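Engineer: sequence and predicted structure, then a few things I'm wondering about:
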Amino acid sequence: MPAYSTNMRLKFPILALVLEVITIILFGVFAVYDDGKGHGHDAPSNQTHGDDNPMELYPMFQDVHVMIFIGFGFLMTFLKRYGFSSVGVNLLLAAFGLQWGLLMQGIWHLDDGKIKVNIFKIINADFSTATVLISFGAVLGKTSPVQLLIMTILEITIFSVNEHLVANILEANDVGASMIIHAFGAYFGLAVARVLYRPALRNGHENDGSVYHSDLFAMIGTVFLWMFWPSFNSAIAEAGLVQLTAVINTYLSLAACVLSAYAISSLVEHKGKLDMVHIQNATLAGGVAVGTCADMNIGPVGAMLIGFVAGIISTLGFKYLSPILASKMGIQDTCGVHNLHGMPGILGGLAGIVAVAMGKKSNGNAAMQAAALGSSLGFALIGGALTGLIMKLPIWGQPPDQNCFDDAVYWEVPEEEEENEESLAHADHSKNKTQEA
Amino acid sequence: MPAYSTNMRLKFPILALVLEVITIILFGVFAVYDDGKGHGHDAPSNQTHGDDNPMELYPMFQDVHVMIFIGFGFLMTFLKRYGFSSVGVNLLLAAFGLQWGLLMQGIWHLDDGKIKVNIFKIINADFSTATVLISFGAVLGKTSPVQLLIMTILEITIFSVNEHLVANILEANDVGASMIIHAFGAYFGLAVARVLYRPALRNGHENDGSVYHSDLFAMIGTVFLWMFWPSFNSAIAEAGLVQLTAVINTYLSLAACVLSAYAISSLVEHKGKLDMVHIQNATLAGGVAVGTCADMNIGPVGAMLIGFVAGIISTLGFKYLSPILASKMGIQDTCGVHNLHGMPGILGGLAGIVAVAMGKKSNGNAAMQAAALGSSLGFALIGGALTGLIMKLPIWGQPPDQNCFDDAVYWEVPEEEEENEESLAHADHSKNKTQEA
Amino acid sequence: MPAYSTNMRLKFPILALVLEVITIILFGVFAVYDDGKGHGHDAPSNQTHGDDNPMELYPMFQDVHVMIFIGFGFLMTFLKRYGFSSVGVNLLLAAFGLQWGLLMQGIWHLDDGKIKVNIFKIINADFSTATVLISFGAVLGKTSPVQLLIMTILEITIFSVNEHLVANILEANDVGASMIIHAFGAYFGLAVARVLYRPALRNGHENDGSVYHSDLFAMIGTVFLWMFWPSFNSAIAEAGLVQLTAVINTYLSLAACVLSAYAISSLVEHKGKLDMVHIQNATLAGGVAVGTCADMNIGPVGAMLIGFVAGIISTLGFKYLSPILASKMGIQDTCGVHNLHGMPGILGGLAGIVAVAMGKKSNGNAAMQAAALGSSLGFALIGGALTGLIMKLPIWGQPPDQNCFDDAVYWEVPEEEEENEESLAHADHSKNKTQEA
């Protein structure tokens, strides 16, 4: 069955090298340092940033960077045998995606035919990779690195078109990207997952679960995402009080979200116990949902209400909706991105429409906000479906059903008998323990 | 025995939801964004911060944020079966605590009847949660999330009273909070632990220990706390050279403390080996102990002496004092907070008295420093004892002795047989391995 | 055999305490806070930093701090039984090294006979420890903490001489320290490793390998190093556009490096699988190699080419060169620092010569760049060999061959039988499970 080739030799290295060489050539043609003298068309919200200090946004950038590489990477290490791929392929996709994103976003803002690279642009490049990493969560364990590199190119290209439409044509507000990153990335990934549906996994897979320490590794990702989300939602906000507003709204939304996520998790689980899947994910829904409104004058209480509702919706989604999507609709969403990014992203978009209609943002237009939400969902679903069809081509290879959720397909994995051996042998360091056993 | 109810259904979710709803209502009444135009009564030390740039302290805030959520959270994951609770309940308590702290601290500084939220205030809100997380360490493994939410409300309320007294009435110096956070949090927690004393755990508990990888998870917490402690001690210091002084003093105190903690650990342990408990904790005592003096003109050498002594005291405390507290005084201090926060906190307070008496701080008064230390200890011991009595009410539930230090009481924990199975089954993915075995 | 003493009692604590006491005395004599009024001779590149705000570089400092303590510390936890030593001894050496580095670097820049401590100086102090941590990687698992403290003193002292020569006498450019830190640290460590050659380890050691979760811990180190490397390479660059250039060059070099490292890893491994050793290390080679040129006008494409080549060289080095060094030349390089820091460091030095010759740095001189590279390699090889001879003295103790790569020699390690027992016993907490089994 040629579609299920696990051997990446040649296929993967050639693709990676060719993509990188093409990218380097494109950078040679287009990319220069920003000397601060250009007439660039950066997002209007950033007008006051970096005029005198080109490094002003650098600490914000580094927070976002940590979310992309540690946050997303470790969040997905919850699977018992898929940690290498989670954090390792996350690094691969994000490292390629930020280069591709810099090019795709940059071509809309050429300045004398050049992309002038600065901190604002590399923040946006990191942002563009977030869409891919969200979609990665939906297909985690069921796709090859080759397929995922293809997805990265296509998704970031489509994202850049939608982002340009939303930000520059519709002139909609989405400072924290509830719509253009979170909802977009989630529904893009769900569309891909639908196309790549595997009937054989309908009843689960022995490796599609966590062990004790893999859940702790995942909490590293959760907590770094949770802490730095105020930077994500405020990084490209207008400098000064507007940026402060985005920080405070996100800080408070996330705090309120934790309480509702914990409460609902306990309420719906056996004997009132807490479920790590909910805690790892639903506690972050408040950051997603407050994104569009983050820089609006919704008041601390408005932000907390959004976070509170997001925590409830997200937890209920994990408990009741995900099983239905898997069993009835053929959508096998490994990380539950629908619950963390999909529904909270839509909630954020809707909250943005309401907030703008209520006049919470001086330059807002509720119809344009609605159009932005529709555009993001439309591009995501159609783009994701087409991308899924391309990813399904046998040429890229994908793991056979029985090898899903298993690093050993794509990684040299240390033999686990070793672990037992060294554990037993530890006391006296005798080397011949295993031979005797 | 109704006091030992492990079933959290209804009790926990109702409490969490009710607390969050009340908090949101209070935020609706009191909280607004700081527009920079108010006549707030922030701590005098902060007069020069943020006047022109409301985001100036944001990187400092994020460092403190990492200490609260990653630092404290992972530091407590050293227990072999209590990692979910350590990092998960840490997140819950801190997320609720920062909201409650913002309210409790804010009511002392109302501006036109409003709490004007800014970066300075959310740093202080994070600080207020640190007291709870320190106390959490003393009762780790022996309390329910319901009990701990109750403790959070009471402790932050009492903390805010003492902090107001120390900072605004006594006008004492405690920039790094050796007294009002570390000593307060430790003795509050020890008082609670005393009231909740469990005779059945006198001879230890099989789960009250670490495994190899849980000790490594704990080192994530240790190292992040160690690295960002200069931010903790300088975040609310006067801008400019005073803040620089606080950074340098903390940086050097911590460095000196590492050497003395390692040396004493090796000196007192079997065959000169190092003990992970000491390394995880006593290396941080220098950050605690230099807190009060951090912004004073004690000189680099003064800071290093404080750190050096703190590392010795803390390590000796773990080795010789903790066993006595447990066996003779009925104080079962799971994380040894007395050694990391209690004694070094008092050392910090005493060093502050001496430094002020020696004129190392222009606006200092040694008597007021002594009063601040006394006040912090008094509020902690009495407040902690009262809080312990309330926490002991059977209604809140607490784990039975045999289920202490075990996540499985409050969390869905992945079955560990799975881990063995997948380990063995990894080579050929045959599902029936365990049945055969 | 007295050379193989594993008992650290007295030897280690006395050395640590004596070193710290001497250091404190020296700080008492020399160190004062920088009051901003001095006539210091900081590196010329820093002229415009901190004139008005002494805390300007603080976020950069914290990024570097994370690289030193989390990055290097966890990168080395890949060994299955050596995680305590990796992160714990890393903390010890870095904490002592930064104090020693502050003194050794400071004596070249005395101001009225004093070392005026500021953020710029503590960044450089952290930098000086990086050389030791790189060398530590070469001898990881085969040296005692006592030996390593000796190495720390000697290496930082020699580093400070070479750095002064390169920066102030030759006036060569090395903003990201490809030569003076990475190449220096690597070849110093390799020279030490050569002197400490252990023939008995020629055929490997059962503990010289990873287990699944130890590789994940190591990825924490890798990813934090990868993310914050732009701060490492730009921290002491000239403020403004030059610093921005250093950030962008490093960001892009690292991104390109990831693609080539993954591609080559897959190309050379069995069945095209990825190898964790390559991913953990070679993905960082781009940060090393772009160091010298980071603040030069090499263009984004120049930075990417450097990173691309570095990823290839580094991965090939792990696959083909390291085995030869071990088998033919008696250089047992535990972490492969030659591949991550050695060759990429030389590549960086060579790239610097070329870039300066091409006029990419206004104040550069190609001959001086070449002299700086030669000086760094010379000091490293000779200094490392001498240091190795001193470390070989029986008095310091070193672990016997069979106890290499084993924490239990120097640490109290939790008994692993416990882990199995509690794992099995977890379901019903019956203690007699294991006896029955």
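Structural biologist: Perfect, I can see it now.

Engineer: dump the residue contacts of whichever residue of the stretch 1-150 of chain A sits closest to chain B.
Structural biologist: Nearest to chain B, among the residues of the stretch 1-150 of chain A, is residue A:59, at 4.4 Å (C-beta to the nearest C-beta). Yep, even glycine has a C-beta here, placed from its N, CA and C like the rest. Counting by C-beta atoms under 8 Å, 6 or more residues apart in numbering or on different chains, residue A:59 makes contact with A:231, B:58, B:59, B:62, C:59.

Engineer: check it and give its pLDDT.
Structural biologist: For residue A:59, the pLDDT comes out at 97.

Engineer: what of the one 3 residues further on?
Structural biologist: We have a pLDDT of 98 for residue A:62.

Engineer: and residue A:429, by the same measure?
Structural biologist: pLDDT recorded at residue A:429 is 37.

Engineer: doesn't residue A:102 make contact with residue A:26?
Structural biologist: No - between residue A:26 and residue A:102 there is no contact under C-beta atoms under 8 Å: 9.6 Å.

Engineer: ok, the residue in chain A that chain B sits nearest to to chain C distance?
Structural biologist: Per C-beta to the nearest C-beta, residue A:272 is where chain A lies closest to chain B, at 3.1 Å. Distance, residue A:272 to chain C, by C-beta to the nearest C-beta, to the nearest Å: 19 Å.

Engineer: state the pLDDT value of that residue.
Structural biologist: Listed pLDDT for residue A:272 reads 92.

Engineer: do I have it right that it meets residue A:266?
Structural biologist: Yes - assessed by C-beta under 8 Å, residue A:272 is found in contact with residue A:266 at 4.8 Å.

Engineer: mutual contacts of the two, please.
Structural biologist: B:8, B:9, B:12, B:13.

Engineer: picking up where we left off before, who has more neighbours, residue A:26 and residue A:102?
Structural biologist: Between residue A:26 and residue A:102, residue A:102 has the larger neighbour count (other C-beta atoms under 10 Å in any protein chain shown), namely 29 against 18.

Engineer: quick check: mean pLDDT across the host helix or strand of the more buried one?
Structural biologist: For residue A:102, the host element (DSSP states H and E) is helix A:83-106. The average pLDDT for helix A:83-106 rounds to 98.

Engineer: repeat that for stretch A:251-267.
Structural biologist: Averaging pLDDT along stretch A:251-267 gives 98.

Engineer: which residues of the stretch 1-150 of chain A score low on pLDDT?
Structural biologist: A:1-7, A:38-51 (pLDDT under 70).

Engineer: if we go to 80?
Structural biologist: A:1-9, A:38-52 (pLDDT under 80).

Engineer: around chain B, pick out the residues from it.
Structural biologist: Within reach of chain B by C-beta under 8 Å from any C-beta of the partner chain, the stretch 1-150 of chain A has these residues: A:59, A:60, A:63, A:80, A:81.

Engineer: for the closest residue to residue A:273 other than its chain neighbours, grab phi and psi.
Structural biologist: Spatial nearest neighbour of residue A:273, excluding adjacent residues (C-beta to C-beta, 6 or more residues apart in numbering or on different chains): residue B:412 at 5.1 Å. Dihedral pair for residue B:412: phi -70, psi 110, per degrees, to the nearest 10.

Engineer: right, and residue B:412 touches residue A:278 too?
Structural biologist: No - in this structure residue B:412 lies outside contact range of residue A:278 using C-beta under 8 Å: 9.4 Å.

Engineer: contact partners for the residue in chain A that chain C sits nearest to?
Structural biologist: Relative to chain C, the nearest point of chain A is residue A:9 (3.0 Å; C-beta to the nearest C-beta). Each residue near residue A:9 by C-beta under 8 Å, 6+ apart is listed here: C:266, C:267, C:271, C:272.

Engineer: did I read that right, it in a helix?
Structural biologist: No - assessed with DSSP: H, G, I helix; E, B strand; the rest coil, residue A:9 is coil; it does not lie in a helix.

Engineer: does chain C have contacts with stretch A:11-23?
Structural biologist: Yes - Stretch A:11-23 reaches chain C (C-beta under 8 Å from any C-beta) through A:11, A:12, A:13, A:14, A:16, A:17, A:19, A:20, A:23.

Engineer: which SSE is immediately downstream of the helix or strand hosting residue A:316?
Structural biologist: Taking DSSP H and E as the definition, residue A:316 sits inside helix A:299-316. Next helix or strand after helix A:299-316 toward the C-terminus (DSSP H and E): helix A:322-328.

Engineer: what's the first helix or strand after that following helix?
Structural biologist: Toward the C-terminus, helix A:322-328 is succeeded by helix A:337 as the next helix or strand (DSSP H and E).

Engineer: now that following helix, how far from the chain's geometric center?
Structural biologist: 9 Å (C-alpha atoms, centre = their mean, to the nearest Å).

Engineer: repeat for stretch A:165-180
Structural biologist: Taking C-alpha atoms, centre = their mean, one finds the center of stretch A:165-180 at 17 Å from the center of the full chain.

Engineer: got it, and stretch A:290-306?
Structural biologist: Computed by C-alpha atoms, centre = their mean, the chain-centroid distance of stretch A:290-306 equals 21 Å.

Engineer: taking helix A:299-316 as reference, get the angle to the biggest helix by length in chain A.
Structural biologist: In chain A, with assignment by DSSP state H, the single longest helix is helix A:241-268. Relative orientation of helix A:241-268 versus helix A:299-316 (axes from the mean of the first three to the mean of the last three C-alpha atoms, to 10 degrees): 40 degrees.

Engineer: now do helix A:241-268 against helix B:83-106, angle only.
Structural biologist: Calculated by the same axes, to 10 degrees, helix A:241-268 forms an angle of 130 degrees with helix B:83-106.

Engineer: how about residues contacting whichever helix or strand comes after helix A:241-268?
Structural biologist: Next along the chain after helix A:241-268, taking DSSP H and E as the criterion, comes helix A:276-281. Here helix A:276-281 makes contact (C-beta under 8 Å, 6+ apart) with A:75, A:78, A:210, A:215, A:218-219, A:221-222, A:261-262, A:264-265, A:314-315, A:318-319, A:335-336, A:339-340, B:84, B:88, B:91, B:411-412.

Engineer: now do stretch A:153-163
Structural biologist: The contact list for stretch A:153-163, computed with C-beta under 8 Å, 6+ apart, reads A:19, A:97, A:100-101, A:104-105, A:107-108, A:128-129, A:131-132, A:135, A:180-181, A:184-185, A:188, A:375-376, A:379-380, A:383-384, A:386-387, A:390.

Engineer: give the contact list for residue A:55.
Structural biologist: Residue A:55 touches A:119, C:239, C:240, C:243, C:244, C:247, counting by C-beta under 8 Å, 6+ apart.

Engineer: quick check: phi and psi at it.
Structural biologist: Torsion angles, degrees, to the nearest 10, at residue A:55: phi -100, psi 10.

Engineer: picking that back up, using CSV, write down the CA coordinates of the helix holding residue A:316.
Structural biologist: Taking Å, rounded to 0.1, in the frame of the first residue of the first chain, the C-alpha atoms of helix A:299-316 are listed here in CSV:
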residue,chain,number,x,y,z
GLY,A,299,-13.5,46.8,30.8
PRO,A,300,-11.8,44.3,33.1
VAL,A,301,-15.2,42.8,33.8
GLY,A,302,-15.9,42.3,30.1
ALA,A,303,-12.6,40.5,29.7
MET,A,304,-13.3,38.2,32.7
LEU,A,305,-16.8,37.3,31.4
ILE,A,306,-15.3,36.3,28.0
GLY,A,307,-12.7,34.1,29.7
PHE,A,308,-15.3,32.6,32.1
VAL,A,309,-17.5,31.6,29.3
ALA,A,310,-14.6,30.3,27.2
GLY,A,311,-13.5,28.0,29.9
ILE,A,312,-16.9,26.5,30.2
ILE,A,313,-17.4,26.1,26.4
SER,A,314,-14.0,24.6,25.9
THR,A,315,-14.3,22.0,28.7
LEU,A,316,-17.8,21.0,27.6
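
Engineer: good, we can wrap up now.
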